[in-house]
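Asker: Build me a structure from this.
(2 chains)
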There are 2 protein chains.
Amino acid sequence: MAEASTKAEYVVGVDLGGTKILAGVFDHSMECVGTAKLSTKSQRGVDRVVERIARSAQDAIDEADLTLKQIAGVGIGAPGAVDFESGTVIFAPNLEGWKDIPLKKGLEKILGVPVFVENDCNISALGVYVAELKSKPRTMVGIFVGTGIGGGLILDGELYSGFGHTAGEIGHMVLEISGPKCGCGNKGCFEALASRTAIFQQIKAGVKDGQKTLLTEMLGTDLADLRSGDLRKAIRRGDKFVDRIIEGAAEYIGIATANLVNILNPEVVVLGGGVIEALADEMMSVIVETAKDYAMPGALKGVEIIASKLGDNAGITGAAVLARRETK
Amino acid sequence: MAEASTKAEYVVGVDLGGTKILAGVFDHSMECVGTAKLSTKSQRGVDRVVERIARSAQDAIDEADLTLKQIAGVGIGAPGAVDFESGTVIFAPNLEGWKDIPLKKGLEKILGVPVFVENDCNISALGVYVAELKSKPRTMVGIFVGTGIGGGLILDGELYSGFGHTAGEIGHMVLEISGPKCGCGNKGCFEALASRTAIFQQIKAGVKDGQKTLLTEMLGTDLADLRSGDLRKAIRRGDKFVDRIIEGAAEYIGIATANLVNILNPEVVVLGGGVIEALADEMMSVIVETAKDYAMPGALKGVEIIASKLGDNAGITGAAVLARRETK
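Answerer: Residues are numbered from 1 along each chain as shown, chains lettered A, B, ... in the order given. Presented below is the predicted three-dimensional model:
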């Protein structure tokens, strides 16, 4: 109780994304007491990004009127395959040149505190589980729909990452073998059907084909700065074309949810990510209804399917939870 | 060590199927010391089937020159949704009238020993895991391809059955949204693409369309007594039509394997069930190659994909393992 003020009782969570880096400092009760945000600028090279991650952590610490001495550890969610033991980012498709990058080692050298690296969707699932669900359910599946689609699994109260630490790659679950081409090279992956990338492609193809939409009024015919929030605005103003595409994506998410429920029968399914954050009101009822249609009898009994309210904070929260657990 | 010979040191495992009931008695080192087999005859009604299950256990015990007093417990794998706690079969689509049947209670009344009921695919996965893999891997996915398709998950060394005990329903994972109708009412389920039922339907439809196949020479044009083994014989005698259909089914199984590997990243994937038992030589290389094509980079690193050698014994072995664990 009567701890010295320099005791390392805070942790930092960092969410490393393709375009931005978010950092947050969390106190002993896991309240966020300071944040910082930097653009990633991965085109400047790996070393510069590692420095920027360190700076984002330092900025957040400074924002909270703290010093590095008060930080027990830093957790990081990285967008790709991660080897947790060594803290290496094996591959991050959205970060230029990120292949076998010893992120833990590099950051520990700069910051002088223990660093822990996990996959970003695993981290977000952990954040939602601890901060939003208060670690109550024993099993949870997190489905994060953004530029891509990723997942995170909580089984028996613990983050589950599998034999080679690659579990949760639900975005590449094939739902439609003869479906559209995915970035991974296969066809009909969940991600190729329902991610923001897939949704935007469908919209742009429709506009090219002469479909009428309010989006072109809002943004011009090239739809240059299209964002998920624009889709919400268009739907709320009565745009049938956008509404149909979003309903279609929600159906795919519902089918993917049913597949995961049939396989894992979790207690809670949490939907998150930028697309869900922007369009939860438009998509959630379709997702839930479709999941009910496709789930086996009994598999959804008592199972909750909900949208996360953490939004962008799921990543930094989960990363901080990781740091807290690993430094306890 | 100097145990009395009447000590209850044996367990019985029963595999309850739609057409037959297998029972096996296992000693303290889990060697099978006696078996029995009866037809199920579910048309005679639920009570008669429960009596036949009891009789199969008693026959196996007698076969092993033992008495019921030497049996610590009986495990049963039932083909449907099971509530493990109460030992109730909630629903078994292949057994007439099996809805909310208190199997544990009914059998304990007849046999006077503790009875434990689990889903048959969970039980088979447990049998393969313990008897074939010696409980070495931490995570295993079992894929059982027979009349239908079911799965069983071993996570962190334990049978995983989920929140409501319905996990492992991999046969109703949608792989092709616009695919053929499944018995469950949806379209394009794994089971509707690659089960024995699906394979036989494709063969019968092809024969109706005038496709040439050795099967009609072997069995007549109605293909009345078609079995998985006939397909193997036809392929080995050069039947291109059957070969193509089996290759297609193997590709679907490979895609389903990749989906499960992407989601769960298990250490071992074991394929079993009657179709795999009969056609492992024809299907396994296609399954493995397709899984490699569809799995994410790294997700299959170090992961084994193998065919079970336990065959029909997976069920009784797993049921005995369950009985042993629950009576320890």
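Asker: Count the residues that sit near A:Lys109.
Answerer: 12 (other C-beta atoms under 10 Å in any protein chain shown). For the C-beta atoms, the positions are set from N, CA and C on the backbone; glycine is no exception.
Asker: Where does A:Val14 sit: helix, strand or coil?
Answerer: Three-state call for A:Val14 (DSSP: H, G, I helix; E, B strand; the rest coil): strand.
Asker: and if you look at A:Glu118?
Answerer: strand.
Asker: For the stretch 101-250 of chain A, list the residues in contact with chain B, please.
Answerer: A:137-139, A:151, A:153, A:155-156, A:160-170, A:172-179, A:184, A:186, A:188 (C-beta under 8 Å from any C-beta of the partner chain).
Asker: Now restrict those residues to buried residues only.
Answerer: A:137, A:139, A:151, A:153, A:155, A:160-170, A:172-177, A:179, A:184, A:186, A:188 (16 or more other C-beta atoms under 10 Å in any protein chain shown).
Asker: just checking, next helix/strand downstream of the helix or strand that contains A:Ile246?
Answerer: In this assignment (DSSP states H and E), A:Ile246 forms part of helix A:240-264. Sequence-wise, the next helix or strand downstream of helix A:240-264 (DSSP H and E) is strand A:268-272.
Asker: Report the strands that pair with that next one, each with its relative direction.
Answerer: Using DSSP bridges, the strands paired with strand A:268-272 are strand A:140-145 (parallel), strand A:304-307 (parallel).
Asker: Report all helices and strands that the least confident helix or strand in chain A by mean pLDDT contacts.
Answerer: Sorting the helices and strands of chain A by mean pLDDT, DSSP states H and E puts strand A:81-83 at the bottom, at a mean of 88. Contacts defined by 3 or more C-beta pairs under 8 Å, 6 or more residues apart in numbering or on different chains; DSSP states H and E place strand A:81-83 against strand A:88-91, strand A:115-119.
Asker: List the contacts of that strand.
Answerer: With contact meaning C-beta atoms under 8 Å, 6 or more residues apart in numbering or on different chains, strand A:81-83 is reached by A:88-92, A:117-119, A:165-166, B:296-298.
Asker: which of those lies closest to B:Lys204?
Answerer: Within these, proximity to B:Lys204 (C-beta to C-beta) peaks at B:Met296, which comes in at 36.8 Å.
Asker: who touches the closest residue to that closest one other than its chain neighbours in this structure?
Answerer: Closest residue to B:Met296 apart from its sequence neighbours, by C-beta to C-beta, 6 or more residues apart in numbering or on different chains: A:Glu169 at 4.8 Å. Listed by C-beta under 8 Å, 6+ apart, the contact set of A:Glu169 reads A:Gly150, A:Gly151, B:Asn262, B:Ile263, B:Asn265, B:Met296, B:Ala299.
Asker: Pick the most buried one from the strands paired with strand A:268-272.
Answerer: strand A:140-145 (a mean of 30; mean count of other C-beta atoms under 10 Å in any protein chain shown).
Asker: any idea of the mean pLDDT in that one?
Answerer: For strand A:140-145, the mean per-residue pLDDT is 97.
Asker: Tell me the gap between that strand and the middle of its chain.
Answerer: Relative to its chain's centre, strand A:140-145 lies at 8 Å (C-alpha atoms, centre = their mean, to the nearest Å).
Asker: got it, and stretch A:56-69?
Answerer: Relative to its chain's centre, stretch A:56-69 lies at 24 Å (C-alpha atoms, centre = their mean).
Asker: So which of the buried ones among the residues of the stretch 101-250 of chain A next to chain B are in helices?
Answerer: Using DSSP state H, no member of those sits in helices.
Asker: What confidence value was assigned to the residue nearest to B:Met296?
Answerer: Reading off the model, A:Glu169 has pLDDT 94.
Asker: just checking, next helix/strand downstream of the helix or strand harbouring A:Ala57?
Answerer: Element membership of A:Ala57 [criterion: DSSP H and E] is helix A:46-63. Proceeding N to C from helix A:46-63, the next assigned helix or strand is strand A:71-78, under DSSP H and E.
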